[in-house]
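Colleague: coords please:
(4 chains)
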Protein chains: 2
Amino acid sequence: MPRKSSNTGETGEVAASHAIGTVARRTGIKVPTIRYYESIGLLREPVRTEAGRRVYDDAAVSRLKFIRHARELGFEIEQIRRLLELAGEPQGSCAEIDKIAKAHLADIDSRIARLKALRVEMQHMISECAHGKVCECRILEVLSNHSYCQHDKH
Amino acid sequence: MPRKSSNTGETGEVAASHAIGTVARRTGIKVPTIRYYESIGLLREPVRTEAGRRVYDDAAVSRLKFIRHARELGFEIEQIRRLLELAGEPQGSCAEIDKIAKAHLADIDSRIARLKALRVEMQHMISECAHGKVCECRILEVLSNHSYCQHDKH
DNA sequence: CCTACATTCTCTAGTGACTAGAGGAGCAAG
DNA sequence: CTTGCTCCTCTAGTCACTAGAGAATGTAGG
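Modeller: Coordinates of the predicted model:
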């Protein structure tokens, strides 16, 4: 029966342990970022080998996968911290989780709306450019004078 | 005939001069930000009064309005720096201006696309939440396991 | 056993575009 | 002359990392 390195227990089930580089490969999070997450308390300090190297178990890998996925979806670190905290109380209500997710959705919506407005403005500006000399460039002119704009939301 | 403070010329036309606070009010850029723009070389160092206070002319106000508007449209400082440089050569071709603007438009488009994909993911995740206990929460489950996702672009 | 090379360690500093605050001086009005 | 506003410089903080230096440890091949 094959065993992973540095198994500490004598029981039948042996928890797998991984070096930071392995964890980085398995989660898609870079090594310095993992250490950074530890430094801000998002990830618990792992045990160390005698030489001082970090050793992670599978739970830490899962946690990091969660963090990565949430980051990819645009959640902020503090939101993720709260989500992880809530996940630690399985019998609690998921109302706050829902609330955080909905707030994030609203945030995404407002960013989309804003970018769409910018897009209209940019498109308009570019379409008026006659590709001539700088002194005749409508792009610069519009940038110089807000009153040419369609919206004043920005 | 009313005159602005500290006029330095004896000619008929007198250049208006403004304190930094006035400029901030007229451009909508905060005082520390104006000083910041000066520190990074985006805005030329203005003349000073004997006591060391910054004094701006109308050209500086126009430049700051340009900067503000471009920032509002999402241009980066370095892009704005280049646009201002190009604006300084009125007989040159506006091809590069057009190019910068189009690159920015493409950037906006890709951000919109990305946010829309995130939106779909978030919406999906939230709609599956049954508002029960944390241990049954689909949101946490999806966050834990990327394979539930529709896309793997993120 | 020795030698490469890879991996890991800690620490500091840099990114972008500001923002906040301390501590001090100038200036105009009452 | 005092009150209160504006202005000055300087440092440090924000967010979520990323880059790099310099040293130690681990591993594979000869």
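Colleague: Packing partners of the lengthiest helix in chain A?
Modeller: The helix that spans the most residues within chain A, counting by DSSP state H, is helix A:95-127. Under the contact criterion of 3 or more CB pairs under 8 Å, 6 or more residues apart in numbering or on different chains; DSSP states H and E, helix A:95-127 touches helix A:77-87, helix A:138-144, helix B:95-127, helix B:138-144. (Each C-beta comes from the backbone N, C-alpha and C, glycine too.)
Colleague: switch to 6 Å and redo it
Modeller: helix A:77-87, helix B:95-127 (3 or more CB pairs under 6 Å, 6 or more residues apart in numbering or on different chains; DSSP states H and E).
Colleague: for DNA strand C, what are the nearby residues on chain A?
Modeller: A:19-22, A:24, A:31-32, A:35, A:48, A:52-54 (CB under 7 Å from any atom of the strand).
Colleague: ok, back up a step: tabulate the helices and strands packed on helix A:95-127 (JSON lines), appending distance to residue A:138.
Modeller: Below are the helices and strands packed on helix A:95-127 laid out as JSON lines (distance: least, CB to CB, whole Å):
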{"stretch": "helix A:77-87", "distance to residue A:138": "42"}
{"stretch": "helix B:95-127", "distance to residue A:138": "10"}
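Colleague: Could I get the contacting residues of residue A:92?
Modeller: Taking CB atoms under 6 Å, 6 or more residues apart in numbering or on different chains as the criterion, residue A:92 is in contact with residue B:134.
Colleague: Give me the distance between it and residue B:126.
Modeller: 18 Å (CB to CB, to the nearest Å).
Colleague: do the same with residue A:141
Modeller: 44 Å.
Colleague: Are we agreed that residue A:24 is in a helix?
Modeller: Yes - checked against DSSP: H, G, I helix; E, B strand; the rest coil, residue A:24 lies within a helix.
Colleague: close enough to count as contact, it and residue A:32?
Modeller: No - at 9.1 Å, residue A:24 does not count as touching residue A:32 under the criterion of CB atoms under 6 Å.
Colleague: Comparing the two, which residue is more hemmed in?
Modeller: Between residue A:24 and residue A:32, counted using other CB atoms under 10 Å in any protein chain shown, the more crowded position is residue A:24 (17 against 10).
Colleague: Quick check, pLDDT for the nearest residue to that one once chain neighbours are set aside.
Modeller: Nearest non-adjacent residue to residue A:24, counting by CB to CB, 6 or more residues apart in numbering or on different chains: residue A:31, 4.7 Å away. You'll see residue A:31 listed with a pLDDT of 97.
Colleague: Neighbours of residue A:31, how many?
Modeller: 14.
Colleague: Show me chain A divided up by domain.
Modeller: For chain A, automatic domain parsing gives the domain ranges A:14-92, A:94-154.
Colleague: right, so of those domains, which gets closest to residue B:121?
Modeller: domain A:14-92 (6.2 Å; CB to CB).
Colleague: quick check, that closest one touching DNA strand D?
Modeller: Yes - Domain A:14-92 is in contact with DNA strand D by CB under 7 Å from any atom of the strand, via A:30, A:32-33, A:36, A:49-53, A:71, A:76-78.
Colleague: Buried residues, the helix or strand bottoming out on mean pLDDT in chain A. List them.
Modeller: Across the helices and strands of chain A, mean confidence by mean pLDDT, DSSP states H and E is lowest for helix A:138-144: a mean of 88. For helix A:138-144, burial by neighbour count (16 or more other CB atoms under 10 Å in any protein chain shown) applies to A:138-140, A:142-144.
Colleague: can you check stretch A:95-103 too?
Modeller: Buried-residue list, stretch A:95-103, by 16+ other CB under 10 Å: A:97-98, A:100-101.
Colleague: so what's residue A:43 closest to, chain neighbours aside?
Modeller: residue A:37 (4.3 Å).
Colleague: Tell me how many other residues crowd the one you found.
Modeller: 19.
Colleague: So it, which state does it fall into?
Modeller: Going by three-state DSSP: residue A:37 is helix.
Colleague: Report the buried residues of stretch A:105-119.
Modeller: A:105, A:107-108, A:111-112, A:115, A:117-119.
Colleague: Tabulate those residues in a markdown table, adding columns for distance to residue A:63 and pLDDT.
Modeller: Shown next, in a markdown table, are these (distance: CB to CB, whole Å; pLDDT from 0 to 100):
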| residue | distance to residue A:63 | pLDDT |
| --- | --- | --- |
| A:105 | 24 | 94 |
| A:107 | 24 | 92 |
| A:108 | 24 | 94 |
| A:111 | 28 | 94 |
| A:112 | 30 | 95 |
| A:115 | 32 | 94 |
| A:117 | 38 | 91 |
| A:118 | 37 | 92 |
| A:119 | 38 | 93 |
